[in-house]
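K.L.:
With the sequence up front, the predicted model follows.
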There are 2 protein chains.
Amino acid sequence: MLNGSSRKVAESYRQRVLHAARELGYTPNLPAQAMARGTSRTIALVISLISDPYFSAMAAEIMKQAETLGLHVSIAVTERQADRELDLVRELRGQQPRAIILAGSGYVDPPSEQQLVDELQRYEETGGRVVLISRSDLPFETVDFDNHEGARQLALQLAGLGYQRCLVLGSGTPLLSMQRRVEGFVAGLEESGVADAGSRVHHPDFSWSGAREFILGLGDDQLRDLQLVFAVTDDMALGALAGLRERGLRIPEDLGIAGFDDITTLRDVVPNLTTVHVALDAVAEEAVHRATTTDPNPTRRTAPAYPVLRASTPPLPT
Amino acid sequence: MLNGSSRKVAESYRQRVLHAARELGYTPNLPAQAMARGTSRTIALVISLISDPYFSAMAAEIMKQAETLGLHVSIAVTERQADRELDLVRELRGQQPRAIILAGSGYVDPPSEQQLVDELQRYEETGGRVVLISRSDLPFETVDFDNHEGARQLALQLAGLGYQRCLVLGSGTPLLSMQRRVEGFVAGLEESGVADAGSRVHHPDFSWSGAREFILGLGDDQLRDLQLVFAVTDDMALGALAGLRERGLRIPEDLGIAGFDDITTLRDVVPNLTTVHVALDAVAEEAVHRATTTDPNPTRRTAPAYPVLRASTPPLPT
DNA sequence: TTGTAAGCGTTATCAC
DNA sequence: GTGATAACGCTTACAA
């Protein structure tokens, strides 16, 4: 009765109670409130890895948005294991959060997908909201980046600078969003008249070390033939960069390099990496908005992703 | 009665109930459980900034530890505002977490310190546990790094390489742990016979840009006189590095540079940065252990911090 | 072993 | 306006 109820109380009592509350250090018992009201003020967020710059930036933006609405955020991590996702959702559901936001990468056709969908649907039936970020494959509210278009534009611009023979590093674990990036990049190259655009696509392990090790395993001749390495995330691009340097190549003199995401880490990397900037803040805002708004039919919205050309991909001499 | 109670039930019923539960997608209502039991399975974590590599690594370690004990983690962020801490603790207390871990930097003598202590003590009186990380100034369980010793050892080693005229970048907002680092570094220099060891200590804004801007504002003569820049965090060291490069200095040829924390970001920075490694995992483990164990009298424990010399501080020619 | 009832802290409802 | 009471979903204590 202290908080937003419609009860009318004499102001004098109100003041006395408020004062006593302060005096005694009273704080409303949120779980009890949630139980009585039937709805909590918590949003559950599922991400892959909190120590990853991309996800921690995403989490930060989501928390910021939640904060403005007076909501708490409970975070759970999958550690990149597809099956963990299902368990986590089950556990989180028990916390009775107002909404569950799945921001971990969406696996292509994981064995447990149907179970995940069932679980989420049951959650929705009990009044919860589900929002998906970066995985437009499931029948729920979805916010996504325009992965295809961002990568395509990047390829167009790079081709304009003269880059043709591009090594593309996709993700070893099949993730929908990463596949889109590969497709977009290849499409952009093809549009620019690059003949064998799709012939240099590979899928190392989806990590910094995966990219690095792939580069280290490349034959000298394959490496020398290249003009550019494009990786589907900045994380992988940086791993590739490390590998290329270990192979004795100078960047960007010998080889250009480009990534995707525009993570903060890039600030400290020399040469400055060309990448595709994604509007994290817009996506976070949209996701939290969806999570707290009741809208009968699920929509998909796409946030912009646009290339940012920097020192790692100078114009090629003609 | 489904979970760890002492009730004895016929196995056949048990199976049937378990089956039905699965069938219907039943999940125990955690808040209700918490209310009935009087204790929840949630740990509340307060940090400064989730997008900061140091804090996100810390959060990741804490979540990992909590996970092994079947606990959930609810994260709240102060955004580096000292007064937010108090509000957050109040709010968090309402969530009735089993423990509150304060990992945000400890401000030296904030105006609201007494209120914060009161609030935390009230929380403890109602059965909650309080654990402090990196701020050994309050009467609660504390886990800390050996900031002084780590910085001192770093200074000793650097002095051994020939570095004498060192610019020290401390924290503009007075933080206990950062002060220790400055003191330790200066002490190490003094022990090594550097005469004016404490004369080049400055306190720019506690951030990447703070450090960068400080460097940009330095006079040419002051800059040229230096042999090394030591910043109390890697984040600041990287900001300084950016500034130094903008000033046209080559690192490490013209100037050495060193930081503190050994954040993951350093992996991608050239030259590799000399820093002080802190055992985040050990601290996280200890913190979660303390948070879940009842120990009548608060203890302070210190985790090791040791220098790691890398390419940014080569031996000086003699 | 099993059923029953009380109680956790809060909100909402329904009379007064 | 205000007081009393049921209800939220679960655990626990006490009988049966």
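P.N.:
Thanks, I have it. Numbering: from 1, shown residues only, chains lettered A, B, ... in the order given.
K.L.:
Tell me, how many residues neighbour A:Q65?
P.N.:
A:Q65 is flanked by 21 other residues according to other Cβ atoms under 10 Å in any protein chain shown. C-betas here are computed from N, CA, C, even on glycine.
K.L.:
Am I right that it sits in a strand?
P.N.:
No - with DSSP: H, G, I helix; E, B strand; the rest coil as the criterion, A:Q65 is assigned helix and is not in a strand.
K.L.:
my guess is it meets A:E286, correct?
P.N.:
No - using Cβ atoms under 8 Å, A:Q65 is not in contact with A:E286, being 9.1 Å away.
K.L.:
For stretch A:241-257, the averaged confidence score.
P.N.:
Stretch A:241-257 carries an average pLDDT of 97.
K.L.:
Report the mean confidence score over stretch A:38-49.
P.N.:
The average pLDDT within stretch A:38-49 is 93.
K.L.:
what residue ranges in the stretch 1-150 of chain A score low on pLDDT?
P.N.:
Along the stretch 1-150 of chain A, the parts satisfying pLDDT under 70 run over A:1-8, A:136.
K.L.:
how about a cut-off of 90?
P.N.:
Filtered on pLDDT under 90, the stretch 1-150 of chain A yields the residue ranges A:1-28, A:34-39, A:79-87, A:91, A:104-115, A:125-127, A:135-139.
K.L.:
ok and the residue in it nearest chain B?
P.N.:
With Cβ to the nearest Cβ, the shortest gap between the stretch 1-150 of chain A and chain B falls at A:P31, namely 3.5 Å.
K.L.:
check contacts around A:T294.
P.N.:
For A:T294, the contacting residues are A:R129, by Cβ atoms under 8 Å, 6 or more residues apart in numbering or on different chains.
K.L.:
for it, phi and psi?
P.N.:
With angles defined as degrees, to the nearest 10, A:T294 sits at phi -100, psi 120.
K.L.:
quick one: is stretch A:277-284 near chain B?
P.N.:
No - contact of stretch A:277-284 with chain B (Cβ under 8 Å from any Cβ of the partner chain) is absent, the minimum separation being 9.9 Å.
K.L.:
If you count neighbours, what's buried in that stretch?
P.N.:
A:278-281, A:283-284 (16 or more other Cβ atoms under 10 Å in any protein chain shown).
K.L.:
repeat for stretch A:206-223
P.N.:
Buried-residue list, stretch A:206-223, by 16+ other Cβ under 10 Å: A:206-208, A:210-215, A:218, A:223.
K.L.:
Restricted to helices, list these.
P.N.:
A:208, A:210-215, A:223 (DSSP state H).
K.L.:
if we can go back for a sec, the residue of the stretch 1-150 of chain A closest to chain B is in what secondary structure piece?
P.N.:
Element membership of A:P31 [criterion: DSSP states H and E] is helix A:30-37.
K.L.:
can that helix be found next to DNA strand C?
P.N.:
Yes - residues of helix A:30-37 contacting DNA strand C under Cβ under 7 Å from any atom of the strand: A:32-33, A:35-37.
K.L.:
hmm, that helix in reach of DNA strand D?
P.N.:
Yes - judged by Cβ under 7 Å from any atom of the strand, helix A:30-37 comes into contact with DNA strand D through A:32, A:35-36.
K.L.:
Domain-wise, how is chain A divided?
P.N.:
Per the TED database, the structural domains of chain A span A:1-36, A:37-145+A:281-303, A:147-278.
K.L.:
With distance to B:M58 as extra columns, can I get the ones you listed in JSON lines?
P.N.:
What follows is the domains of chain A, written out as JSON lines (distance: least, Cβ to Cβ, whole Å):
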{"stretch": "domain A:1-36", "distance to B:M58": "25"}
{"stretch": "domain A:37-145+A:281-303", "distance to B:M58": "9"}
{"stretch": "domain A:147-278", "distance to B:M58": "17"}
